[in-house]
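Trainee: just the structure for this:
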Amino acid sequence: MKVLLLEEVENLGEAGEIVTVKDGYGRNFLIPRGMARLATGGIVKAWKEERRQASRKIAKAKEDAEALAAEMANVEVVVFVKVGEENRIFGSVTPVHVADGLAKHGIQADRRKIDINDEIKHTGVYSASVKIHPEVVAEVKIRVEPETAAA
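Mentor: Predicted structure coming up:
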């Protein structure tokens, strides 16, 4: 019996492969568990079309992420903090501050995907990495200023 694997099956093959298995194994194990489908012409054709459309969506998402990364390269996030002697800040600048600053520029970013590259102890200009897509990382400038400058 020929089946189209819908997911990776150990010692059998990867998702999308057409493999030959014993009738009982296919009918009683693979197909009921949703790991495979009977490899008829229509199912194989539909699977290929699905994969083609999925790859197109992935390429479009990456293209959009690269455009957003280019836009983010021109953005400078300004964070106002309380400072002490020698412009040393109280507390710290967190990814939440960066996400809020990006939101003011109309860019939505998940705080969990923001990585501040340097430890921020003083006022000044720093950088942060924002993971927009699995293959695209954007750099954002962070300017830390004393809170009195905001007033």
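Trainee: tell me how far the longest helix along the chain lies from the chain's centre.
Mentor: Longest helix of the chain, by residue count under DSSP state H: helix 41-73. Centroid separation between helix 41-73 and its chain, computed with Cα atoms, centre = their mean, to the nearest Å, is 14 Å.
Trainee: name the residues of that helix that are buried.
Mentor: 44, 47, 65, 68, 69, 72 (16 or more other Cβ atoms under 10 Å). In short, each C-beta sits where N, CA and C put it, glycine included.
Trainee: could you find the closest non-adjacent residue to the fourth one?
Mentor: Looking back up the chat, that one is residue 68. The shortest distance from residue 68 to any non-neighbouring residue, by Cβ to Cβ, 6 or more residues apart in numbering, is to residue 132 (5.6 Å).
Trainee: Throw the buried residues of helix 41-73 into JSON lines and include pLDDT, thanks.
Mentor: Shown next, in JSON lines, are the buried residues of helix 41-73 (pLDDT from 0 to 100):
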{"residue": "44", "pLDDT": "87"}
{"residue": "47", "pLDDT": "87"}
{"residue": "65", "pLDDT": "92"}
{"residue": "68", "pLDDT": "92"}
{"residue": "69", "pLDDT": "92"}
{"residue": "72", "pLDDT": "91"}
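Trainee: okay, now residue 79: neighbour count?
Mentor: Residues within reach of residue 79, counting by other Cβ atoms under 10 Å, total 19.
Trainee: the helix or strand hosting the residue nearest to residue 68 vs helix 41-73, what angle?
Mentor: Element membership of residue 132, judged by DSSP states H and E, is strand 124-133. In terms of direction (axes from the mean of the first three to the mean of the last three Cα atoms, to 10 degrees), strand 124-133 departs from helix 41-73 by 170 degrees.
Trainee: so for the helix or strand just after strand 124-133, mean pLDDT?
Mentor: Counting by DSSP H and E, the element after strand 124-133 in chain order, helix or strand, is strand 136-146. When pLDDT is averaged along strand 136-146, the result is 93.
Trainee: so for strand 136-146, what gets flagged as buried?
Mentor: So for strand 136-146, counting by 16+ other Cβ under 10 Å, buried means 136, 138, 140, 142, 144, 145.
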